[in-house]
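Student: Could you work out the structure for the sequence below:
(chains A and B)
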Protein chains: 2
Amino acid sequence: MFNKVTIIGVGLIGGSLGLGIKKNKLAKVVAGICRRKTSAKAAVKNGVCDIVTLDYKEGLAGAELVIIASPVGKIVDIAKKVVAHTKGEVILTDVGSTKSGIVRQIEKMAPESVKFVGSHPMAGSEKNGVGFAVKNLFENSICIVTKTKKTDKKAFLAVKRFWENLGATVSVLSPEEHDARVSLVSHLPHAAAYALSGMADAKSLKFASTGFKDTTRIASSDPYLWHDIFMTNRKALLSALAGYRAALRDIEKCIRNGSSKRLIGVLKKAKGVRDKL
Amino acid sequence: MFNKVTIIGVGLIGGSLGLGIKKNKLAKVVAGICRRKTSAKAAVKNGVCDIVTLDYKEGLAGAELVIIASPVGKIVDIAKKVVAHTKGEVILTDVGSTKSGIVRQIEKMAPESVKFVGSHPMAGSEKNGVGFAVKNLFENSICIVTKTKKTDKKAFLAVKRFWENLGATVSVLSPEEHDARVSLVSHLPHAAAYALSGMADAKSLKFASTGFKDTTRIASSDPYLWHDIFMTNRKALLSALAGYRAALRDIEKCIRNGSSKRLIGVLKKAKGVRDKL
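Tutor: So this is what the prediction gives:
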């Protein structure tokens, strides 16, 4: 599919991309660009790329597809480096969990030769690091690929096909719709879990059972990663959080006023949504 | 341990009590009292009690320990029936997930011969019905037993030993402390999960992955049961919900104001709590 694919940031996602590309023979050469020597060593040790380097010029030379697999808060800055070090045409994508800000900023800054298409592969775990990379991470997952007025059609199709060849089902959304939908089913649940976990004192935790454990599992996720996601999906997440607090206030009101019928209605509706999954 | 134990309400918890009592030889006879013929038939079919009846007088005759294993909203009314149909002394306990209201009301109403001790075995699942009853449901679980100024010491020790003989570790709390602690680690997470699930529309649910699924799993729980728990733990739950909304508002403020350091602090603290479990 490609002569050379370059992955910038070789952690759980970047490493799994390297392994998946090799498994599915999507490129002749897979290069990885790391920020630190220790990550480069770990990438080499885990055999996820053919070439691992700290040098953008070397890593990007001849690449037809570049994937930024860094933490979400660093994607735009890395895209600037890609633009600075790229000669000729290249397709650029990312794996960021938020899209509006990233897509808007990169589209504004990139020259015509750097064809950016936003991606969000919905796969991963609360684990971090290339040591947890697996070749089939994207199989049977969903990947959202964004489309805007500025999106290059050929690049869009190539990126879409790339994720499909890794085993993912692709959904096409505008960056704004992506952020709104994902804030409800991913970013808000993380904020909810962090807030819930933060409230429990040691004495009460003694009585925590599976309900608490499941509801707060994702509060074990990386605080820096989720800080970045929360901050870069500001608009949609603030709206989701306000809606969530209103839903909680509604439950409070039912309890305070003894509105049994209304409360049962609220709980039944929520159960109906969850039971469908 | 007892000549006769009577369980009122033979569902998942009541049925598992019957099986556990027999397994651990805690009573010569286990009687079950059901409200409906269909539940009585199911109890007989699943062999969880020696005697199953719809009749309180018959079920209670000669019982030394009576356990109310009904939905939490019906416990006080059933306790009144137990008082009305009991001749002589009896130890009475329950399995309700809320305690202040139940303990206060039963202590006020019961004659000295009916010695009430509140219990809350923290075991179960989102499944319902005697068909899911298992003999080891309480093994390695925690059971909270309440103690007040009015609690009879002998009855208290007998109830404590009873749960320990079923394999549970007993914690002794006042009903008020029980409600405060359990609201944080069980009732609030249920309210949070119901509110979260209720917000997700069909289009967004397409993108729900394990994070959303785990966080909302308990929103599949029985709405009537949780209505009762929410309504009978009104005071502690309203306070927990207000605290939870304040914690969410704090996260919102960090995002709105771009307070990265503070947000990372909040997320790290929450992760620290969760990582300990």
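Student: For residue A:125, report the pLDDT, please.
Tutor: Predicted confidence (pLDDT) for residue A:125: 67.
Student: now do residue A:277
Tutor: pLDDT, residue A:277: 88.
Student: three-state assignment of it?
Tutor: Three-state assignment for residue A:277 (DSSP: H, G, I helix; E, B strand; the rest coil): coil.
Student: Which residue, other than its chain neighbours, is closest to it?
Tutor: In space, and not counting its chain neighbours, residue A:277 is closest to residue B:213: 5.9 Å by Cβ to Cβ, 6 or more residues apart in numbering or on different chains. Where you see a C-beta, it was placed from the backbone N, CA and C, and this is true even at glycine.
Student: Can you verify my assumption that that neighbour contacts residue A:275?
Tutor: No. Checked against Cβ atoms under 8 Å, the pair residue B:213 and residue A:275 is beyond contact range at 11.8 Å.
Student: Look at the two and report which has more neighbours.
Tutor: In this view residue B:213 and residue A:275 are compared by other Cβ atoms under 10 Å in any protein chain shown, and residue B:213 has more residues nearby, 14 against 10.
Student: Just confirm the more buried one is within a helix.
Tutor: Yes. Assessed with three-state DSSP, residue B:213 lies in a helix.
Student: And it, how far from residue B:203?
Tutor: Counting by Cβ to Cβ, to the nearest Å, the gap from residue B:213 to residue B:203 is 17 Å.
Student: Partner strands of the helix or strand containing residue A:3 and their direction?
Tutor: Taking DSSP states H and E as the criterion, residue A:3 maps to strand A:2-8. Strand A:2-8 has its sheet partners listed here by DSSP bridges as strand A:27-33 (parallel), strand A:65-68 (parallel).
Student: just checking, next helix/strand downstream of the last one?
Tutor: Of the helices and strands lying after strand A:65-68 in sequence (DSSP H and E), the nearest is helix A:75-85.
Student: how many degrees apart are that next one and strand A:27-33 in direction?
Tutor: Between the axes of helix A:75-85 and strand A:27-33, defined by axes from the mean of the first three to the mean of the last three Cα atoms, to 10 degrees, the angle is 110 degrees.
Student: Packing partners of whichever helix or strand comes after helix A:75-85?
Tutor: Next in sequence after helix A:75-85, counting helices and strands by DSSP H and E, comes strand A:90-94. Here strand A:90-94 touches strand A:65-68, helix A:75-85, strand A:114-117, helix A:153-165, going by 3 or more Cβ pairs under 8 Å, 6 or more residues apart in numbering or on different chains; DSSP states H and E.
Student: Now strand A:90-94: buried residues?
Tutor: A:90-94 (16 or more other Cβ atoms under 10 Å in any protein chain shown).
Student: Let's have these in a markdown table, adding pLDDT.
Tutor: As requested, the buried residues of strand A:90-94 are exported to a markdown table (pLDDT from 0 to 100):
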| residue | pLDDT |
| --- | --- |
| A:90 | 98 |
| A:91 | 98 |
| A:92 | 98 |
| A:93 | 98 |
| A:94 | 98 |
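Student: Of those residues, which pair is most distant in space?
Tutor: In the buried residues of strand A:90-94, the most distant members under the criterion Cβ to Cβ are A:90 and A:94, with 13.3 Å between them.
Student: Out of the strands paired with strand A:2-8, which is the most enclosed?
Tutor: Comparing these by mean neighbour count (mean count of other Cβ atoms under 10 Å in any protein chain shown), strand A:65-68 ranks first with a mean of 26.
Student: hmm, who's touching that one?
Tutor: Here strand A:65-68 makes contact (Cβ atoms under 8 Å, 6 or more residues apart in numbering or on different chains) with A:2, A:4-9, A:14, A:17, A:27, A:60, A:75, A:78-79, A:82, A:86, A:90-96, A:119, A:158-159, A:162.
Student: What of stretch A:16-24?
Tutor: A:5, A:7, A:10, A:26-27, A:30, A:32, A:43, A:48-49, A:67, A:69, A:95, A:123, A:133-138, A:165-167.
Student: avg pLDDT for it?
Tutor: pLDDT averaged over stretch A:16-24 gives 97.
Student: buried sites along it?
Tutor: A:16-22, A:24.
Student: can I get these in CSV with secondary structure and distance to residue A:54?
Tutor: As requested, the buried residues of stretch A:16-24 are exported to CSV (DSSP: H, G, I helix; E, B strand; the rest coil; distance: Cβ to Cβ, whole Å):
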residue, secondary structure, distance to residue A:54
A:16, helix, 21
A:17, helix, 18
A:18, helix, 16
A:19, helix, 21
A:20, helix, 23
A:21, helix, 21
A:22, helix, 21
A:24, coil, 27
